[in-house]
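Participant: Using only what follows, build the 3D model:
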Amino acid sequence: MELYHGSNVEVRNPKLLKSDRRLDFGAGFYLTSSYDQAARWAVLTAKRRGKGIPTVSSFEFDESRLPELSVLRFEDATVDWLKFVGDNRFGRIKSDNWDIAIGPVANDATMPVLSLFFAEVYTEEETIRRLLPQNLKDQYAFKTQRAIDLLRFREVVRA
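Facilitator: Residues are numbered from 1 along each chain as shown. Now for the predicted structure:
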């Protein structure tokens, strides 16, 4: 399967970086199966950082290798997904044992809904109902070097 990483720089050799950024699935190297989503991330990253060129790096990943890894997969925006994203976004997960986490993206458009859930304004069911129309794309967080080593660089495309 082909996966894409959007950034303000090309990435040929992904690395796990120490970061205090609170992302949906915690620390890791993030990719998506959607080129368009990666291109949007690239433009947004270049704009936020104020430097670089929007760039999409593509990688090949052999899905048949997934059974060799510890994988957390969310097929849809479920209550378990919601709680996991919330715990990561609010820094409540100190460590986890996953090589890869896969599931929908809680992008900037979803954050107002998620914030109201975490403020206990929306129930779990209401939050999920409000998120479904947002057509959430996927994300793959490669969280260990063991997982990253299974990625094969393909090419770089300027977004």
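Participant: Show me what the longest helix anywhere in the chain is in contact with.
Facilitator: Identified as the longest helix of the chain according to DSSP state H is helix 35-49. The contact list for helix 35-49 (CB atoms under 8 Å, 6 or more residues apart in numbering) reads 4-8, 31-32, 52-56, 58, 105, 137, 159. Bear in mind the C-beta positions are built from the backbone N, C-alpha and C, glycine included.
Participant: do stretch 24-31 as well
Facilitator: 3-5, 14-19, 21, 23, 38, 59, 61, 72, 84-85, 88-89, 93, 96, 101, 103, 105-106, 139-143, 148, 151.
Participant: For Asp108, report the pLDDT, please.
Facilitator: For Asp108, the pLDDT comes out at 66.
Participant: next one: Arg21
Facilitator: Reported pLDDT for Arg21: 71.
Participant: again, but for Ser70
Facilitator: The predicted local confidence for Ser70 is 96.
Participant: for it, what are its contacts?
Facilitator: By CB under 8 Å, 6+ apart, the contact set of Ser70 is Asn97, Trp98, Asp99, Ile100.
Participant: rerun at 7 Å
Facilitator: Going by CB atoms under 7 Å, 6 or more residues apart in numbering, Ser70 touches Asn97, Trp98, Asp99.
Participant: now swap in Asp62 and tell me
Facilitator: With CB under 7 Å, 6+ apart, Asp62 has these contacts: Leu150.
Participant: Number the chain from 6, please
Facilitator: Happy to do that; since the first residue is 6 now, the last one works out to Asp67.
Participant: Next one: it from Asp41, what distance?
Facilitator: Distance of Asp67 to Asp41, computed by CB to CB, to the nearest Å: 23 Å.
Participant: and what of Ile105?
Facilitator: 22 Å.
Participant: And the strands in this protein, which stretches?
Facilitator: Taking DSSP state E, the strands of the chain run over residues 7-12, 34-36, 60-66, 76-78, 105-109, 143-147, 156-163.
Participant: so which of those strands gets nearest Val126?
Facilitator: Counting by CB to CB, Val126 lies closest to strand 105-109 out of these; the figure is 21.1 Å.
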